[in-house]
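Asks: How does the following fold in three dimensions:
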Amino acid sequence: MDKNLDFELWLDELQLDDYHDIYALHEAVDNGVSANGFTCYPVKESEGEFVVHKIQSDESDRKLSIVSEDAKSTFLRVLRKKYMSGLDADLWFDLQRDKQKGA
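Replies: All right, here's what the predicted structure looks like:
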């Protein structure tokens with residue numbers, strides 16, 4: 001299966017609708033950190049492979065394997081295209097925050 005499609009399906013399952021969650025996912029993957037319920041951590045003994053983990057509730061969680069730096073870049077590009085109109089994540093977040101302030 002096409003990796004872009006895998007990423008898009010995984011994102012669809014998350015049903016992200018809050019700009020804080022979207023930005024947190026980007027930051028978790030981009031920087032290998034935990035943010036707003038998302039955790040990105042390296043797979044032991046596998047250089048360049050990451051797992052993104054989102055705990056949604058006590059009963060369910062979602063995991064996605066990102067197997068290389070190229071896959072990581074692809075995932076971030078898909079995320080920005082799907083939710084951020086292709087913009088830089090920090091710029092997009094600032095725009096969303098400004099919209100909220102003005103609303």
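Asks: just checking, next helix/strand downstream of the helix or strand of the chain with the lowest mean pLDDT?
Replies: For the chain, counting by mean pLDDT, DSSP states H and E, strand 50-55 ranks last in confidence among helices and strands (a mean of 69). Counting by DSSP states H and E, the element after strand 50-55 in chain order, helix or strand, is strand 61-66.
Asks: Tell me which residues touch Arg97, please.
Replies: Tyr19 (Cβ atoms under 8 Å, 6 or more residues apart in numbering). (Glycine included, C-beta is placed from N, CA and C.)
Asks: Could you pull up the mean pLDDT of the host helix or strand of it?
Replies: Here Arg97 is covered by helix 89-102, with elements defined by DSSP H and E. Taken as a whole, helix 89-102 has an average pLDDT of 94.
Asks: Next: stretch 23-34.
Replies: On average, stretch 23-34 scores 91.
Asks: outside of it, which residues touch it?
Replies: By Cβ under 8 Å, 6+ apart, stretch 23-34 touches 14, 16, 35-42, 50, 52, 54, 66, 72, 75-76, 79-80, 84, 89, 92-93, 96.
Asks: Relative to Trp10, how far out is the residue nearest the centre of the chain?
Replies: The structure's the chain has its C-alpha centroid closest to Leu25; by Cα atoms, centre = their mean the separation is 3.3 Å. Distance, Leu25 to Trp10, by Cβ to Cβ, to the nearest Å: 10 Å.
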